[in-house]
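Undergrad: sequence unavailable; structure follows:
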């Protein structure tokens with residue numbers, strides 16, 4: 001594995017593996033989950049997404065085609081290109097804070113979903129905080145009783161945070177997995193084992209949300225494991241193909257769009 005420190009020694013990335021973040025060290029601890037050990041080495045050239053843990057840059061969609069976007073299986077050499085769009089990023093370290101500035105160059109009107117697909121190293125009992133009442137689009141994935149009847153052909157069910165699934169807690173293994181999008185929610189925090197991680201995304205004039213993936217031993221069906229994803233995102237849906245008129249980010253007439261992701265942590 002080829003790694004480099006992208007922000008002092010706070011962030012480590014693997015440039016050969018889609019620019020995946022392999023380490024995030026804030027407030028004296030590691031925040032990124034190392035993954036279920038499904039693969040070693042870069043995923044360059046693979047056609048099917050394999051979960052390696054850490055933080056993947058998902059673009060131009062999270063779900064759908066291509067699954068988890070088109071960046072995870074190609075090397076990152078300062079910038080990365082897909083479908084005529086060029087994405088660059090720059091890390092700036094602070095005191096227990098990392099800011100990441102992104103710039104996307106593409107044709108005006110280009111629509112996309114982007115997510116910082118961060119899988120966190122959290123224990124059962126970790127608490128995810130977001131403003132109460134935030135619109136929550138739910139995507140249950142696996143076995144487990146739901147508190148409602150799932151509508152036929154509905155890609156999601158709309159609820160309010162923390163939702164009937166109590167997504168504000170990473171619980172014990174119960175054989176369930178669920179995805180959710182916290183609509184128009186730019187800031188989320190996670191408390192785990194005496195520390196709090198705050199994640200904030202800023203991109204004026206664009207839909208800014210936070211995606212969640214809570215896997216409590218419900219995915220995949222043949223060999224389930226546990227994982228917790230908290231994912232700042234541009235857009236309001238996982239799949240670009242399901243995006244309504246206001247559910248995706250759009251490149252303005254200038255042909256460029258910039259956004260900033262800020263991560264900070266403190267003891268609690």
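TA: All right, it came through fine. What you see is a predicted model, and the numbers here were worked out from it, not measured in a lab.
Undergrad: pLDDT below threshold where in this structure?
TA: Per-residue confidence for the chain (pLDDT under 70) gives these ranges: 1-3, 142-150.
Undergrad: check the gap between residue 213 and residue 249 for me.
TA: Residue 213 is 20 Å from residue 249, where distance means Cβ to Cβ, to the nearest Å. No exception for glycine: its C-beta is placed from N, CA and C like everyone else's.
Undergrad: comparing those two, which shows the higher neighbour count?
TA: residue 249 (25 against 21; other Cβ atoms under 10 Å).
Undergrad: contact partners for the more buried one?
TA: 111-114, 203, 206-207, 234-235, 257 (Cβ atoms under 8 Å, 6 or more residues apart in numbering).
Undergrad: from those, which two are the most distant?
TA: 111 and 203 (14.1 Å; Cβ to Cβ).
Undergrad: okay, these two: which has more neighbours?
TA: residue 203 (18 against 15).
Undergrad: am I right that the more buried one is in contact with residue 257?
TA: Yes - the criterion here is Cβ atoms under 8 Å, and residue 203 meets it with residue 257 at 7.3 Å.
Undergrad: residue 172 touches residue 126, doesn't it?
TA: No - when contacts are counted by Cβ under 8 Å, residue 172 is not listed as touching residue 126 (11.5 Å).
Undergrad: more crowded one of these two?
TA: Between residue 172 and residue 126, counted using other Cβ under 10 Å, the more crowded position is residue 126 (19 against 10).
Undergrad: now the nearest residue to residue 97 once chain neighbours are set aside: which helix or strand?
TA: Once flanking residues are discounted, residue 97 sits nearest to residue 264: 4.1 Å by Cβ to Cβ, 6 or more residues apart in numbering. Using DSSP states H and E, residue 264 falls within strand 256-267.
Undergrad: and that strand, what's buried?
TA: Applying a neighbour-count criterion of 16 or more other Cβ atoms under 10 Å, one finds 257, 259, 261-265 buried in strand 256-267.
Undergrad: residue 194: which of these is nearest?
TA: The shortest gap between residue 194 and any of those belongs to residue 265, at 10.8 Å (Cβ to Cβ).
Undergrad: that closest one and residue 252, how far apart?
TA: Distance of residue 265 to residue 252, computed by Cβ to Cβ: 33 Å.
Undergrad: now residue 62
TA: 22 Å.
Undergrad: before we move on, what about residue 230?
TA: With distances taken as Cβ to Cβ, residue 230 is found 28 Å from residue 252.
Undergrad: and the two? which has more neighbours close in?
TA: Taking neighbours as other Cβ under 10 Å, residue 230 and residue 252 compare with residue 230 leading, 26 against 12.
Undergrad: dihedrals phi and psi, residue 41?
TA: Here is the backbone geometry of residue 41 (degrees, to the nearest 10): phi 90, psi 170.
Undergrad: residues near it, how many?
TA: Neighbour tally, residue 41, other Cβ under 10 Å: 11.
Undergrad: ok, it to residue 182 distance?
TA: Applying Cβ to Cβ, the value for residue 41 to residue 182 is 34 Å.
Undergrad: surely residue 238 meets residue 61?
TA: Yes - using Cβ under 8 Å, residue 238 is in contact with residue 61, at 7.5 Å.
Undergrad: so what sits against both of those two?
TA: When Cβ under 8 Å, 6+ apart defines a contact, the residues bordering residue 238 and residue 61 alike are residue 113.
Undergrad: name the nearest of the contacts of residue 249 relative to residue 22.
TA: Nearest to residue 22 among the contacts of residue 249: residue 114, at 19.7 Å, using Cβ to Cβ.
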